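Undergrad: Okay, predicted coordinates and the sequence, questions at the end:
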Amino acid sequence: MAPTPLKATLLAAASVLLAPSPAAAENWPQWRGPSGDGTSPEKDLPLEWSREKNVLWRLPLPGAAGSTPAVWGETIFLTSADGADIVLIAISTAGKELWRRKLGTGNRAVRGDEGNSAAPSPSTDGEHVWAMAGTGELACHDLTGKEVWKFDLEERHGRYRIQFGMTSTPVLHGDSLYIHCIHSGTPYVLALDKKTGKDRWKVERKTDARAECEHAYTSPILYRDADRFLLLVHGADWITAHGLEDGSEVWRSGELNRPGDRYNPTLRFVASPVCRPGRIIVPSAKNGPVHCLRPGGAGKAGPERVWALDRNTPDVPTPALDEKHVYLLRETGVLIVLDGETGKALYEERVLSERVRASPVVADGKVYCTAADGETAVVKAGGAFELLARNSIDERVAATIVVSGGRLYLRSYDALYAIGRADPPAGGDAAGGGR
């Protein structure tokens with residue numbers, strides 16, 4: 001029976017309300033994206049760009065940083081140096097700066113253009129944004145820029161003793177913000193109440209590492225499967241798993257440094273692990289080993305080592321992981337793709353000529369690999385090598401590409417780029433702006 005005119009009108013209205021919006025954005029809430037593994041489900045992403053081609057807008061930034069932006073809806077958050085200060089900046093997806101807030105001061109640049117105190121990346125849940133400076137300040141703001149709470153981690157939990165500064169990015173989950181501090185003082189793992197900034201728990205993170213190996217520039221990540229959630233902490237020769245409720249150590253896995261008299265006292269970890277249910281990929285440093293672990297089920301003490309590579313770890317970029325493959329982008333510009341189940345190398349190809357600090361991102365059947373000179377190699381995802389494009393903005397880059405709303409956001413030391421289709425985003429024009 002044909003619907004009445006009123007029913008037809010209601011059905012048509014419902015179909016409009018239920019239809020997905022083509023402009024709807026997949027949020028990128030924290031450093032390694034919506035799944036925490038360097039992947040995005042978005043499709044129809046840009047393949048080619050330059051400083052002018054397919055650039056919707058370019059917004060100059062007040063200073064350099066290697067931190068990766070976070071995106072929620074129509075707002076982008078990033079940290080940056082601003083003279084001696086470290087600041088948190090909110091930017092609209094139309095390319096307009098919305099607000100800027102000072103996190104701390106005393107910015108420290110290390111190893112030339114290698115990094116500074118704006119290295120940690122922000123995180124957001126769509127209601128608030130959390131950002132940390134390498135100088136110890138940690139703050140929570142609402143989306144209008146109003147400060148909710150702020151404190152200094154060094155004042156609360158002791159001075160950092162780490163060669164190149166604290167660069168770890170906290171991980172957000174539920175009502176908690178999880179942080180690790182692995183240095184030559186008393187290394188610890190910490191959970192904060194995200195709403196108040198108060199400590200929920202703090203545990204000492206024991207290690208037998210020595211010398212520079214006591215330092216880590218990694219970030220904690222969250223492992224989840226059908227049985228449980230675990231907080232993974234990587235550094236000082238070990239990867240450890242911790243319960244979310246009290247921080248207690250569930251298991252640890254080592255043999256990432258050279259054993260016995262072959263111990264390397266400079267094997268500080270920079271690349272973080274990456275995981276999916278049933279699989280944790282554990283890098284080391286300086287062409288050392290890569291391990292694949294399978295955590296035991298609930299009640300089992302430790303993980304099973306599924307496979308191991310003796311060499312070819314990425315020294316700085318964190319791996320990416322899809323359903324079948326592991327993507328290791330070495331700091332030398334060599335991309336190594338492994339079978340995720342066996343660890344077998346499917347190919348090894350140099351895709352970039354400059355050193356690499358940004359981590360690879362997998363989306364839309366593509367792997368985006370960015371070098372420090374601003375060149376991005378776009379490679380076909382999967383086990384057969386195919387170079388799809390080379391693109392350059394000719395600016396220094398250490399931040400990882402972000403995928404959201406059909407766009408790529410690429411942060412250089414000089415500016416933030418929105419790369420995508422030529423149509424302007426909803427709610428604004430595509431021109432860059434000031435404050």
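TA: On my side now, so go ahead.

Undergrad: which stretch of helix or strand covers E154?
TA: helix 153-157 (DSSP states H and E).

Undergrad: So which residues lie in contact with that helix, not counting its own?
TA: Applying Cβ atoms under 8 Å, 6 or more residues apart in numbering, the external contacts of helix 153-157 come out as 132, 135-138, 160, 179, 181, 188, 190, 199, 202. In this view, the C-beta of every residue, glycine as well, is placed from N, C-alpha and C.

Undergrad: after it, next one along is what?
TA: With elements assigned by DSSP H and E, the helix or strand that comes after helix 153-157 is strand 171-173.

Undergrad: any idea of the mean pLDDT in that next one?
TA: Model confidence over strand 171-173, given as mean pLDDT, is 97.

Undergrad: returning to what we had before: ok, of the contacts of helix 153-157, which one's closest to R279?
TA: Set against R279, the nearest of those by Cβ to Cβ is I179 (24.6 Å).

Undergrad: and I76, what does it touch?
TA: Contacts of I76 by Cβ under 8 Å, 6+ apart are 69-70, 90-93, 409, 416.

Undergrad: Let's see if you can find the most crowded of the residues you listed.
TA: A70 (29 neighbours; other Cβ atoms under 10 Å).

Undergrad: Distance of that residue relative to V403?
TA: With distances taken as Cβ to Cβ, to the nearest Å, A70 is found 12 Å from V403.

Undergrad: Need the residues touching each of these two.
TA: Shared contacts of A70 and V403, defined by Cβ under 8 Å, 6+ apart, comprise W28.

Undergrad: got the contacts of I76 as CSV, with secondary structure and distance to F151 columns?
TA: Listed next are these as CSV, based on DSSP: H, G, I helix; E, B strand; the rest coil; distance: Cβ to Cβ, whole Å:
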residue, secondary structure, distance to F151
P69, coil, 24
A70, strand, 21
A90, strand, 21
I91, strand, 26
S92, strand, 29
T93, coil, 31
Y409, strand, 29
L416, strand, 28
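
Undergrad: which among the residues you listed gets closest to V110?
TA: Closest approach to V110 among the contacts of I76 (Cβ to Cβ): P69, at 21.4 Å.

Undergrad: isn't that closest one right up against S80?
TA: No: using Cβ atoms under 8 Å, P69 makes no contact with S80, being 10.1 Å away.

Undergrad: any low-confidence regions in this structure?
TA: Scanning the chain for pLDDT under 70 picks out 1-25, 111-114, 259-261, 297-301, 422-435.

Undergrad: repeat that with 50
TA: Along the chain, the model assigns pLDDT under 50 to residues 1-24, 424-435.

Undergrad: any idea how far K366 lies from L61?
TA: K366 sits at a distance of 26 Å from L61 (criterion: Cβ to Cβ).

Undergrad: same deal with W238?
TA: 36 Å.

Undergrad: now do D82
TA: For D82, the distance to L61 equals 9 Å [Cβ to Cβ].

Undergrad: And those two? Which one has more around it.
TA: In terms of neighbours (other Cβ under 10 Å), L61 is the more surrounded of D82 and L61; the figures are 22 against 19.

Undergrad: The more buried one and D414 touch, don't they?
TA: Yes: at 6.5 Å, L61 counts as touching D414 under the criterion of Cβ under 8 Å.

Undergrad: Tell me where the stretch 1-150 of the chain has strands.
TA: For the stretch 1-150 of the chain, the strands defined by DSSP state E, counting those that start in this stretch occupy 39-40, 55-60, 70-72, 75-82, 85-92, 97-105, 123-124, 128-132, 137-142, 147-152.

Undergrad: Next, the angle from the second one to strand 85-92.
TA: Inter-element angle recorded for strand 55-60 and strand 85-92: 150 degrees (by axes from the mean of the first three to the mean of the last three Cα atoms, to 10 degrees).

Undergrad: Pull the distance from strand 55-60 to the chain's centre.
TA: On the basis of Cα atoms, centre = their mean, to the nearest Å, strand 55-60 sits 22 Å off its chain's mean C-alpha point.

Undergrad: Packing partners of it?
TA: Other elements packing on strand 55-60 under the criterion 3 or more Cβ pairs under 8 Å, 6 or more residues apart in numbering; DSSP states H and E are strand 415-419.

Undergrad: Just list what the strand it packs on packs against, helices and strands only.
TA: The contact analysis (3+ Cβ pairs under 8 Å, 6+ apart) places strand 415-419 against strand 55-60, strand 407-411.

Undergrad: Could I have the CA atoms of that strand written out in CSV?
TA: The C-alpha coordinates for strand 415-419 follow below in CSV (Å, rounded to 0.1, in the frame of the first residue of the first chain):
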residue,chain,number,x,y,z
ALA,A,415,52.7,25.8,9.6
LEU,A,416,49.7,23.6,9.7
TYR,A,417,48.4,22.3,6.3
ALA,A,418,44.9,21.1,5.5
ILE,A,419,45.2,18.9,2.4
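
Undergrad: show me where the stretch 251-400 of the chain has strands.
TA: For the stretch 251-400 of the chain, applying DSSP E, counting those that start in this stretch gives strands covering 274-276, 279-282, 290-294, 304-309, 320-321, 325-329, 334-339, 345-350, 361-363, 366-370, 375-380, 387-392.

Undergrad: Looking at the ones you listed, which is nearest to V171?
TA: For V171, the closest of those is strand 274-276, at 12.0 Å, according to Cβ to Cβ.
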